[in-house]
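K.L.:
from the sequence below, what's the structure:
(one chain, ligands or ions: 1)
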Amino acid sequence: MNILQIPAFSDNYFWILYENNNKSAVVVDPGDHIPVINALQDNNLILSDILITHHHNDHIGGISELKKCFPNVNIYGPSDDRIPANIFLEDQQAVKLNSLNEEFKVIDVKGHTNSHIAYYFDKKLFCGDTLFSCGCGRLFEGSYTDMHKALTKIRKLPKETMIYCAHEYTLDNIGFAKLIDPENVYLLKREEEVKNILKNGGYSIPSLLENELQINPFLRFDNPDIINAVQKHFNIKINNEVEVFKYTRDWKDNEYD
Ligand SMILES: [Zn+2]
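P.N.:
Got it, this is the predicted structure:
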């Protein structure tokens, strides 16, 4: 499976997936039609399928124009009136598209929104705004328990899994992670790496799950350093992982950006 990374707006990524032996392509979360159509033309591809993770406009805004150009396109998404899908997907559902050799599995990851799903292909996770490199999505609709559950599912994927999230937020996220986890050598190493990548016009996404487990405070709710930092910062006694996650999220939301 080939994957094209399409930067859009100020910091979004859309993803186009296709096989060498097949002119049909899939796009994940097309928030705008123009960069998608340009990339399809550059690569001689026809859009056959759209995969949507959640209803925010920077993930679905290109659908209506893409449908005009490709009237037969199938649109997959979670069951939600706010998403103009014609095929609704459920947690754990396995789907094989004609355009791709690998089937994908649907993972319910609600938290950022109430109907957010992720698409898992063989060791590749398209997770929208659930997990970012060194961060996670804000809780616009779901509860702390929902997001903790979603992130726990992601933690259990093979550690070689590549995380194809929807935003280039990594360097800013590292800034917060350094407040809560200042001694983490993996984090400092990743900061240098990301600075170099961005300086040279590259992208810090996709990222490797194994590295996220080392650096991402929102995946490290069972780590003693994170637990201690949260307890000290808020002057409280933490009782469980959801609380660690909750206070980490609150810390960033209220005191960082
Ligand atoms: Zn979103």
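K.L.:
so how far is Ser207 from the residue lying farthest from the centre of the chain?
P.N.:
Centroid-distance maximum for the chain: Asn235 at 31.9 Å, with C-alpha atoms, centre = their mean. Separation of Asn235 from Ser207 (C-beta to C-beta, to the nearest Å) stands at 33 Å. In this view, the C-beta of every residue, glycine as well, is placed from N, C-alpha and C.
K.L.:
same check, this time on Ala166
P.N.:
Applying C-beta to C-beta to Ala166 and Ser207 gives a distance of 13 Å.
K.L.:
and the two? Which one has more around it.
P.N.:
Ala166 (27 against 23; other C-beta atoms under 10 Å).
K.L.:
quick check: the more buried one vs His59, distance?
P.N.:
7 Å.
K.L.:
between the two, which contacts overlap?
P.N.:
Asp29, Thr53, Gly128, Asp129 (C-beta atoms under 8 Å, 6 or more residues apart in numbering).
K.L.:
just the closest of these to the ion, please.
P.N.:
Asp129 (3.6 Å; C-beta to the ion).
K.L.:
does the closest one touch Met147 like I think?
P.N.:
No: using C-beta atoms under 8 Å, Asp129 is not in contact with Met147, being 11.0 Å away.
K.L.:
common neighbours of the two, please.
P.N.:
With C-beta under 8 Å, 6+ apart as the test, Asp129 and Met147 both reach His112, Gly137.
K.L.:
what's near enough to touch Asp32?
P.N.:
By C-beta under 8 Å, 6+ apart, the neighbours of Asp32 are Ala8, Phe9, Phe14, Gly61, Gly62.
K.L.:
could you pick out which of those are near the ion?
P.N.:
With C-beta under 5 Å from the ion as the criterion, no member of the contacts of Asp32 is in contact with the ion.
K.L.:
can you give me the helices for the stretch 1-150 of the chain?
P.N.:
Remark: helices assigned in the stretch 1-150 of the chain by DSSP state H, counting those that start in this stretch are 34-42, 57-60, 63-69, 144-155.
K.L.:
to Tyr203, which of the ones you listed lies closest?
P.N.:
Of all these, helix 34-42 sits nearest to Tyr203, with 14.1 Å by C-beta to C-beta.
K.L.:
and that closest one, how far from the chain's centre?
P.N.:
Relative to the centre of its chain, helix 34-42 is centred 22 Å away, using C-alpha atoms, centre = their mean, to the nearest Å.
K.L.:
again with stretch 158-176
P.N.:
The answer for stretch 158-176 is 8 Å, by C-alpha atoms, centre = their mean.
K.L.:
what of stretch 183-193?
P.N.:
Mean-position distance between stretch 183-193 and its chain equals 21 Å (C-alpha atoms, centre = their mean).
K.L.:
buried set for that stretch?
P.N.:
Neighbour-count burial for stretch 183-193, counted by 16 or more other C-beta atoms under 10 Å, picks out Asn184, Leu187, Leu188, Arg190, Glu191.
K.L.:
same question for stretch 76-88.
P.N.:
Tyr76, Gly77, Pro78, Asp80, Ile83, Ala85.
K.L.:
contacts for that stretch, please.
P.N.:
49-55, 60, 63-64, 74-75, 89-90, 95, 108, 114-117.
K.L.:
pull out the buried residues from these.
P.N.:
49-55, 60, 63, 74-75, 89, 108, 114-117.
K.L.:
get me the contact residues on the stretch 1-150 of the chain for the ion.
P.N.:
His56, Asp129.
K.L.:
let's see 6 Å
P.N.:
Taking C-beta under 6 Å from the ion as the contact definition, the stretch 1-150 of the chain meets the ion at His54, His56, His112, Asp129.
K.L.:
who wins on neighbours among those?
P.N.:
Those, ranked by neighbours (other C-beta under 10 Å): first place His54, 28 neighbours.
K.L.:
any idea how far that residue is from Ala85?
P.N.:
From His54 over to Ala85 (counting by C-beta to C-beta), the distance is 11 Å.
K.L.:
which other helices and strands contact the strand or helix carrying Glu192?
P.N.:
Element membership of Glu192 [criterion: DSSP states H and E] is helix 185-199. Contacts defined by 3 or more C-beta pairs under 8 Å, 6 or more residues apart in numbering; DSSP states H and E place helix 185-199 against helix 170-180, helix 209-215.
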